[in-house]
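Visitor: Sequence isn't available, so here's the structure alone:
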């Protein structure tokens, strides 16, 4: 699964918190979403440096629109990734613990799925 197909899959399943997401689907979607969100932020900084404030405010607004658009699909994607690793979505709240929480969550995200679990059957990679 490539960058755009993973992103398309994530956005079409924007509110699906059940099921599973493979590591490639998760990471490719996360990279794509990060790029989409970072581009207007970088452009707003660029225009701010040259004191072109109208363009800067436009890109700041676009940045926040993209954040709002991708908030729910991002949560759903994280839920499906945690399910694939055999964990409950409740683990998302471990980020309340500074630094350590993010490390724990990252370790869950990189875990593979070796078998079926209570969240569904394992998705097999096709090549």
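Guide: Everything's here; your move. Quantities reported herein were computed from a predicted structural model and do not represent experimental measurements. Numbering: from 1, shown residues only.
Visitor: and the longest helix for the protein?
Guide: With secondary structure taken from DSSP state H, the chain has its longest helix at helix 53-84.
Visitor: and residue 112, what pLDDT?
Guide: Here the pLDDT value assigned to residue 112 is 82.
Visitor: Report the contact partners of residue 43.
Guide: 55, 59 (CB atoms under 8 Å, 6 or more residues apart in numbering). Placement of C-beta: from N, CA and C, glycine included.
Visitor: From residue 17, how far off is the residue located most distally from the centre of the chain?
Guide: What lies farthest from the middle of the chain is residue 51; by CA atoms, centre = their mean that is 32.4 Å. Distance of residue 51 to residue 17, given as CB to CB, to the nearest Å: 44 Å.
Visitor: for residue 107, same thing?
Guide: Going from residue 107 to residue 17 by CB to CB gives 21 Å.
Visitor: cool, residue 98 as well?
Guide: Distance from residue 98 to residue 17, by CB to CB: 26 Å.
Visitor: Those two: which is more packed in?
Guide: The neighbour comparison of residue 98 against residue 17 (other CB atoms under 10 Å) goes to residue 17, with 15 against 7.
Visitor: Tell me who's in contact with that one.
Guide: Taking CB under 8 Å, 6+ apart, we find residue 17 in contact with 75, 76, 79, 80, 89.
Visitor: And those residues, which is closest to residue 63?
Guide: Of all the contacts of residue 17, residue 63 sits closest to residue 75, with 18.7 Å by CB to CB.
Visitor: ok so, going back, Three-state assignment for the residue farthest from the centre of the chain, please.
Guide: Following DSSP: H, G, I helix; E, B strand; the rest coil, the label given to residue 51 is coil.
Visitor: What of residue 18?
Guide: coil.
Visitor: isn't it right up against residue 83?
Guide: Yes - between residue 18 and residue 83 a contact is recorded at 7.4 Å, counting by CB atoms under 8 Å.
Visitor: These two - which one has more neighbours?
Guide: The residue with more neighbours, out of residue 18 and residue 83, is residue 83; 21 against 12, by other CB under 10 Å.
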